[in-house]
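**Student:** Predicted model, plus sequence, below.
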There are 2 protein chains.
Amino acid sequence: MDIVIGIDIGGTKTKIGLVDNTGKCHAKTYFRTREFPDLEDYLDKIKAVSDELIQNLGEKVIILGCGIGAPNASSKKGTIENASNLVWKGSVPLLEKLKERMHMPMRIMNDASAAALGEMLFGRAQTISDFIVITLGTGFGAGIVANGQLIDGYDGFAGELGHVDMTIGDGRLTGLGVRGGLEAYVSATGLKRTIMYMLSKYLEDSKFRSIAYNDLHGEEITKAAEEGDIIAQKAFDYTAKIMAQALANFTAFTQPEAFILMGGLTNSGKWIMDPLEKYFNEYLLEVYKGKVKLLESGMDGKTAAICGAAALIWEIEKP
Amino acid sequence: MDIVIGIDIGGTKTKIGLVDNTGKCHAKTYFRTREFPDLEDYLDKIKAVSDELIQNLGEKVIILGCGIGAPNASSKKGTIENASNLVWKGSVPLLEKLKERMHMPMRIMNDASAAALGEMLFGRAQTISDFIVITLGTGFGAGIVANGQLIDGYDGFAGELGHVDMTIGDGRLTGLGVRGGLEAYVSATGLKRTIMYMLSKYLEDSKFRSIAYNDLHGEEITKAAEEGDIIAQKAFDYTAKIMAQALANFTAFTQPEAFILMGGLTNSGKWIMDPLEKYFNEYLLEVYKGKVKLLESGMDGKTAAICGAAALIWEIEKP
C-alpha cells in the first residue's frame, strides 16, 4: 500500500497520520506541541512518532513522502515565519531540518491552504474549481483556490484573511496586533471574547456569569444556546453577522462558487450556520446573489487536517 | 500588419483603437456612449467606427479579432450585467449581438481585468506573476492576477472590490447601494465627495467653497493642493488613508508582488501617492512589509484601456 505521512502542526497539538490515496487515514496519533520548546527536540519527536506509526501498522507500506500543514508556513521557502501561536520565533527552516531526519519528498504549506487541497482531492471540492476553505479554530484561516489552482501569493503568504481589518466599533486586537481584525471576532477565541462582550452589554442572566474566561469552551456555548441562554444566542448571532460581512467582501475578490467551512466553530451547527446564511444573503452584492454556496467540510473533522497535509504529496503522486 | 481592434466601453465614452502585437495603438477614436440609448444603434455605431478606422489607416492590415473591456462584463457569458454606469439595463448579450455585425474572434471582459491583461502583455507586469491592477476612474475597479493567471471567478465577476464594505463612520453609498463601499471614497467621484465632506468638517477657506459639486473636476483638486489649499490637501490624505487600508487588506488575500495603479486619480501624482505609500506601510501586516510594491501603470493613459481590451485577443494570438 502506498502511504503519505500527513502532519498538522498546531499551537496546541501536533497531529501525525498515515493517509492512502483515497484520503483514508490508516493510523494517527498526536503529541503536545508546547512540550518541545526546542526545535531540534521537536523534530526528533516527529521522526520517532512517524517511525512508530509505520511499524505499528503491521502492513507492508511504501512511504511516498510527507506533507505538513502549519500556521504561517511559506510553501515557497519551506519555513514557518513568526507564527504567533507557536513557541519557535522568527523564521523557522522546518522543511530543511526535518529533511535531515526523514529522507523523503516533503512539502509544507499554510494549514488552511493544505485544508483546501484536502477538500479538492478528498472532500467537497472535487468538482469545484473556484472556492475558499475557511478554518475556524483557535484562529481564522483561509485557503483560496481559483481556476482550479491554489493561490500561494508572491512568497507563499496568500490567504491571511484572519487579519483583514473589519473596523468594527473600537476594534479588538488580533494576535498579530491588527485592531478590528477578523479573527478577533470569528474563531473559537473570538466567540469566547464575544461572550464577554455580551455580558458587558446586556443584563440578562446567563450561565456564563459564573464561568471565568479561561474556563470557557466552545461546546458549552453551543449547549447554552440550545438551552435558551440569551447571551450565548446573541454571541452566535453577532459572530455570524461579522463573518457574513467578511465572506460577502471575500466574494467580491475571487468570486468563489463555494465557501467550505471547517474547524471547531462549525460544530455549533445551526447556531452559527442559520444566521450566517441569513446575513450572507443580505450582504452579498446583487450580481453574486444565489451563486455562492456555504458548505460544511466533506472531511472527517478528526482527520481533516492530517489528510489536508497529506494532500500536498498526493496532489503530485496521484495519477 | 496584424491588428486587433480594442474597444473600451465606458459610461461616458466608448473608445476604439487598432493595436499591434507590441501594444502600439495605430489609430483611435471615440464617441459618447450615452448618445446611443438603443443597444442596436450602439452596436451599429461600433461597427461603422471600426470600419472607418481600418479604412483610414491606409495600410494593408489583417484583423485578428476584437477585444472589449466593459464595466460588469462577464467573460464567461459574454454579457454586461446590471452596469450602474451604462444606460442598457439588465443582462446585455453584447458579444453575441456584436458578432452578428463583425464576424471575427471576439472576447469581452471586465475593464479592470482587461487592464491587468494589458499590463501583463505590454506594461509593467511583463515579469510579475502575482499582481493587482487598480483602476481609479469614475469608479474603483480591480483586475487580479495570481500564479500568472487572471482570476475570473465562478461566472466571471471576480474583482468587484469597489463594493467591498469598509464600514467607515456612517458610510457613504456606492452606485450599487453598498453602504461604506470602497469606491464611494477611493475614485474620482469619491475624491469629489470627500471635498464636500472636508468643507462640512473644517472651516478653513478654500477655492472649493465657491465651486458647486457638479462643476468640480479632479484636475482642479490637484491644482488646489499644489497651491496650498488645505481642504484639497486634507481630501487627498483622507482618500489615500482609506485606499491604503483597502490595499493592505487585499494583500492578505492573494499576496501580490505589486499593485499597479491607473486612471484619473493617479494623475494627482505625489498628492495621492506619497500619503498612500506612507499609510500602506503602516497598515501592512508584518509578514508582508517591504514585499509589496505600489507602481504606476506602464501604459500610456490615453490608450491604456484600448490596449487592455486588445490584449484579450493578443493573449491568445501572441506566439
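**Tutor:** Structure's in. What do you need?

**Student:** Next up, phi/psi of the residue lying closest to A:Gly153 once chain neighbours are set aside, please.
**Tutor:** Leaving aside its chain neighbours, A:Gly153 sits nearest to B:Gln255 (2.6 Å; criterion: CB to CB, 6 or more residues apart in numbering or on different chains). Yep, even glycine has a C-beta here, placed from its N, CA and C like the rest. The phi/psi pair for B:Gln255 (degrees, to the nearest 10) reads phi 40, psi 70.

**Student:** Can you get me a residue count around B:Gln255?
**Tutor:** By the criterion of other CB atoms under 10 Å in any protein chain shown, B:Gln255 has 24 neighbours.

**Student:** That one touches A:Leu161, doesn't it?
**Tutor:** No. Between B:Gln255 and A:Leu161 there is no contact under CB atoms under 8 Å: 11.2 Å.

**Student:** Assign the nearest residue to A:Ala225 once chain neighbours are set aside to helix, strand or coil.
**Tutor:** Leaving aside its chain neighbours, A:Ala225 sits nearest to A:Ala232 (4.1 Å; criterion: CB to CB, 6+ apart). Secondary structure for A:Ala232, judged by DSSP: H, G, I helix; E, B strand; the rest coil, is helix.

**Student:** how many other residues sit next to A:Ala232?
**Tutor:** Using other CB under 10 Å, A:Ala232 has 26 neighbouring residues.

**Student:** Just the element for the spatially most central residue of chain A, please.
**Tutor:** Centroid check for chain A by CA atoms, centre = their mean gives A:Thr135 as the closest residue, at 3.3 Å. Following DSSP states H and E, one finds A:Thr135 within strand A:131-136.

**Student:** by contact count, what packs against the helix or strand just after that strand?
**Tutor:** Note on strand A:131-136: by DSSP H and E, the next helix or strand toward the C-terminus is strand A:140-146. Applying 3 or more CB pairs under 8 Å, 6 or more residues apart in numbering or on different chains; DSSP states H and E, we find strand A:140-146 packed against helix A:111-122, strand A:131-136, helix A:230-254.

**Student:** strand partners of strand A:140-146, parallel vs antiparallel please.
**Tutor:** Here strand A:140-146 has these sheet partners by DSSP bridges: strand A:131-136 (antiparallel), strand A:149-150 (antiparallel).

**Student:** Turn those strands into CSV, including mean pLDDT.
**Tutor:** Shown next, in CSV, are those (pLDDT from 0 to 100):
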stretch, mean pLDDT
strand A:131-136, 93
strand A:149-150, 92
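
**Student:** Name the stretch among these that sits most buried.
**Tutor:** Comparing the strands paired with strand A:140-146 by mean neighbour count (mean count of other CB atoms under 10 Å in any protein chain shown), strand A:131-136 ranks first with a mean of 29.

**Student:** got the residue ranges for the helices in chain A?
**Tutor:** Counting by DSSP state H, one finds helices in chain A at the ranges A:39-56, A:94-101, A:111-122, A:188-201, A:218-226, A:230-254, A:270-283, A:304-317.

**Student:** Just give me how far the strand holding A:Thr135 sits from the chain centre.
**Tutor:** For strand A:131-136, the distance from its own C-alpha centre to the chain's C-alpha centre is 7 Å (CA atoms, centre = their mean, to the nearest Å).

**Student:** Need the residues that contact it.
**Tutor:** Strand A:131-136 is contacted by residues A:111-112, A:115-116, A:119, A:125, A:140-145, A:186-188, A:247, A:250, A:254, A:256-266, A:297 when judged by CB atoms under 8 Å, 6 or more residues apart in numbering or on different chains.
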